[in-house]
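**Student:** I would like the atomic coordinates for the input below:
(one chain, ligands or ions: 1)
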Amino acid sequence: MYNSLGAMKKIYTITIIILTIIGSLVMLSVSALLNPQVVDIEIGNNFIKLTPIPHNMTIVRENFYNLYKFQDTTIGNSSSTHSSSITLLVTYPLTLITPTDYIATTTEKSLIIASQDFLIATPTTSPTPTTPTTATTSTGTSTGTETATSSKTHTATPHITIADINLIPPPERKHTFLFLSGEELYEILMAYTRYHEINTPTETVKSIAYSTAKWSKTFGIDPLLILAQIRWESKFKPYARSKSDAKGLMQLKDFVYQPIARFLGLDTSTNAIYDIDNNIAAGTYYMYYKMRTWGTETGALGAYLLGDTGYLQALWNETEGKDSIGTTYNKYIAKIMNTRNELRSYIGLPPYDRTLIVYISPGHGTYDNGYYDMGAIVGKYYESRINLGIALKLKNILETKGITVYIARTKENDPETPYLSERVRMINLIHPNVVISIHANANPYSKSIRGYEIYYRKAYDKFLARSIDKSMNLSSPIPKHKEPKYMKLIILSGWPPSVLIETGYMTNSQDLSILLSDNYQWAIAQSIAEGVLTFLGNSNR
Ligand SMILES: [Zn+2]
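**Tutor:** Reported below is the predicted structural model:
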């Protein structure tokens with residue numbers, strides 16, 4: 001599959017948005033603009049600290065899609081206390097961004113905390129992604145100046161004015177796709193529609209092209225993927241409406257559109273969903289969220305068609321999942337991927353590179369000041385060695401399936417072994433499609449407790465957890481102890497879908513003998529691999 005996702009994933013995002021006001025509070029925003037506030041931002045591995053809290057804002061945890069936003073305390077919640085600084089724990093890589101255009105239009109009302117790269121950039125070196133030689137780089141309307149000063153500098157100028165945010169793919173994935181400009185997409189789309197005798201009016205083509213350029217860049221999704229999706233969702237007809245009441249270019253249902261529109265600040269009135277820009281904004285955001293859940297473009301598309309639960313079911317049932325009009329997910333994905341490659345060919349780009357990447361973290365094994373972290377110790381056996389044995393076998397199996405595997409360590413007692421925070425940093429740099437952490441459990445109070453357990457941290461990671469749980473339940477030599485469960489673990493805080501697997505209990509003699517056996521380690525690794533491979537998409541195998 002594509003690793004394009006990888007690129008997309010790039011969107012690493014964490015989001016912190018300070019948003020205020022709508023409508024009647026515009027006046028307030030204006031005064032905020034006139035009196036810019038200097039906010040000191042400190043970014044750590046897992047926190048963002050703001051001093052002072054900008055514009056009397058308090059943090060509101062936004063449940064929808066796990067975004068955080070900061071809301072002006074003058075709205076409704078006037079009783080909330082206001083402290084001089086606030087530290088926000090974040091579970092994802094530090095890169096939270098709102099839509100570019102949204103930012104452009106609400107800069108005076110919003111503080112957006114962008115990626116670490118972005119914030120660290122000095123005023124004169126705003127990030128400029130390099131692009132492959134075959135296509136020209138976008139310098140379209142969305143490119144603005146970025147005047148954010150370093151977070152450590154107190155100056156009189158408004159230091160967070162983000163007119164444009166580039167969601168820059170990590171180096172490894174930089175060349176998988178381009179954020180083409182509206183003008184470039186317009187030319188490609190005109191050529192495509194004319195070649196295929198699709199009579200979309202020129203003005204409509206233009207609007208679609210510019211909106212796609214804007215929103216795909218905002219959310220870090222390949223614009224040509226979005227255009228290909230629009231092709232197969234609506235054939236570029238803004239007023240398309242399906243029998244099942246999916247509406248507009250990207251065929252969104254109202255229950256999908258409405259919450260996203262509210263979050264993004266789009267028009268939520270009855271027919272707003274048909275508006276070209278609104279529809280593409282919400283549809284692209286929806287794809288972005290599906291990308292986070294599935295870690296791959298194919299997964300995102302499958303879930304776009306069938307919903308997360310329906311898609312996972314389809315992956316496991318072998319019978320192909322179909323939408324309400326009988327389109328199978330494999331066919332849907334293939335059509336869109338093919339069209340994307342055709343669109344790429346119009347500007348001389350080769351077919352999309354769909355290499356998959358898995359990051360494996362064998363638990364423990366770090367070395368610090370003479371102290372070696374062996375994890376759980378039972379008698380003469382210790383966990384880090386068991387974890388490594390299973391992890392290396394998992395790596396081997398995945399590689400035979402053509403997957404690129406990064407592993408945090410390959411030996412015991414290696415002073416170079418990266419710590420947890422370093423592993424998370426690597427994950428956010430590499431942007432694997434999924435992250436798997438391998439551990440073995442121990443219970444000092446009970447020798448009878450046995451079984452594997454799977455943990456996830458981000459709500460949407462549970463689909464990966466479920467997939468691996470399904471295969472381990474079928475074939476791991478160690479039985480299940482508990483259903484997959486939420487746990488706040490550092491290793492799971494990276495961008496991609498991530499799980500931690502406790503393969504069994506070292507304190508249980510049956511489990512321990514299995515965990516120590518080379519053959520059984522292969523069986524455990526195989527059962528984990530099946531769950532990962534299925535999650536990544538049958539069509540990729
Ligand atoms: Zn452990």
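
**Student:** Need phi/psi at the residue in the chain that the ion sits nearest to.
**Tutor:** Nearest residue of the chain to the ion, counting by C-beta to the ion: residue 439, 3.6 Å away. C-beta: built from backbone N, CA, C; applies to glycine. With angles defined as degrees, to the nearest 10, residue 439 sits at phi -140, psi 170.

**Student:** Count the neighbours of residue 421 for me.
**Tutor:** Residue 421: 14 surrounding residues under other C-beta atoms under 10 Å.

**Student:** I'd like the C-alpha coordinates of the one helix or strand residue 388 maps to written as PDB, please.
**Tutor:** Taking DSSP states H and E as the criterion, residue 388 maps to helix 383-400. C-alpha atoms of helix 383-400 as PDB (Å, rounded to 0.1, in the frame of the first residue of the first chain):
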ATOM      1  CA  GLU A 383      11.800  -9.600  30.100                       C
ATOM      2  CA  SER A 384      14.000  -7.500  27.800                       C
ATOM      3  CA  ARG A 385      15.500 -10.700  26.300                       C
ATOM      4  CA  ILE A 386      12.100 -12.300  25.700                       C
ATOM      5  CA  ASN A 387      10.800  -9.000  24.100                       C
ATOM      6  CA  LEU A 388      13.700  -8.900  21.800                       C
ATOM      7  CA  GLY A 389      13.400 -12.500  20.800                       C
ATOM      8  CA  ILE A 390       9.800 -12.000  19.700                       C
ATOM      9  CA  ALA A 391      10.300  -8.600  18.200                       C
ATOM     10  CA  LEU A 392      13.200  -9.800  16.000                       C
ATOM     11  CA  LYS A 393      11.000 -12.700  14.700                       C
ATOM     12  CA  LEU A 394       8.200 -10.300  14.000                       C
ATOM     13  CA  LYS A 395      10.600  -8.100  12.100                       C
ATOM     14  CA  ASN A 396      11.700 -11.100  10.100                       C
ATOM     15  CA  ILE A 397       8.100 -12.200   9.200                       C
ATOM     16  CA  LEU A 398       7.000  -8.700   8.200                       C
ATOM     17  CA  GLU A 399      10.100  -8.200   6.000                       C
ATOM     18  CA  THR A 400       9.300 -11.400   4.100                       C
END
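
**Student:** Provide the strand pairings for the next helix or strand after it, with the direction of each partner.
**Tutor:** Downstream of helix 383-400, the first helix or strand assigned by DSSP H and E is strand 404-407. Looking at strand 404-407 with DSSP bridges, its partner strands are strand 357-362 (parallel).

**Student:** picking that back up, elements contacting the helix holding residue 388?
**Tutor:** Applying 3 or more C-beta pairs under 8 Å, 6 or more residues apart in numbering; DSSP states H and E, one finds that helix 383-400 contacts strand 357-362, strand 404-407, strand 434-441, strand 498-505, helix 509-516, helix 518-536.

**Student:** Including mean pLDDT and mean neighbour count, could the ones you listed go into CSV?
**Tutor:** As requested, these are arranged in CSV below (pLDDT from 0 to 100; neighbours: other C-beta atoms under 10 Å):
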stretch, mean pLDDT, mean neighbour count
strand 357-362, 95, 26
strand 404-407, 94, 18
strand 434-441, 96, 27
strand 498-505, 97, 28
helix 509-516, 96, 19
helix 518-536, 97, 21
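
**Student:** Confirm for me that the residue of the chain closest to the ion is in contact with residue 373.
**Tutor:** No - in this structure, residue 439 is not within contact of residue 373 by C-beta atoms under 8 Å, at 12.0 Å.

**Student:** what about the closest residue to residue 199 other than its chain neighbours, neighbour count?
**Tutor:** Once flanking residues are discounted, residue 199 sits nearest to residue 193: 7.5 Å by C-beta to C-beta, 6 or more residues apart in numbering. Neighbour count for residue 193, taken as other C-beta under 10 Å: 20.

**Student:** repeat for residue 418
**Tutor:** Residue 418 is flanked by 16 other residues according to other C-beta under 10 Å.

**Student:** Got phi/psi on it?
**Tutor:** Residue 418 adopts backbone torsions of phi -70, psi 140, taken as degrees, to the nearest 10.

**Student:** Once you drop chain neighbours, what's closest to it?
**Tutor:** Distance criterion C-beta to C-beta, 6+ apart; nearest residue to residue 418, sequence neighbours excluded, is residue 408 at 5.7 Å.

**Student:** list the contacts for the one you found?
**Tutor:** Applying C-beta atoms under 8 Å, 6 or more residues apart in numbering to residue 408 gives the contacts 359, 360, 361, 362, 365, 417, 418, 423, 426.

**Student:** Over to residue 374?
**Tutor:** 364, 365, 382, 383, 384, 385.

**Student:** so is the first one in a helix, a strand, or just coil?
**Tutor:** Yep, that's residue 364 we're talking about. Look at residue 364: counting by DSSP: H, G, I helix; E, B strand; the rest coil, its state is coil.

**Student:** pLDDT wise, what is the residue nearest to residue 418 at?
**Tutor:** With respect to pLDDT, residue 408 scores 93.
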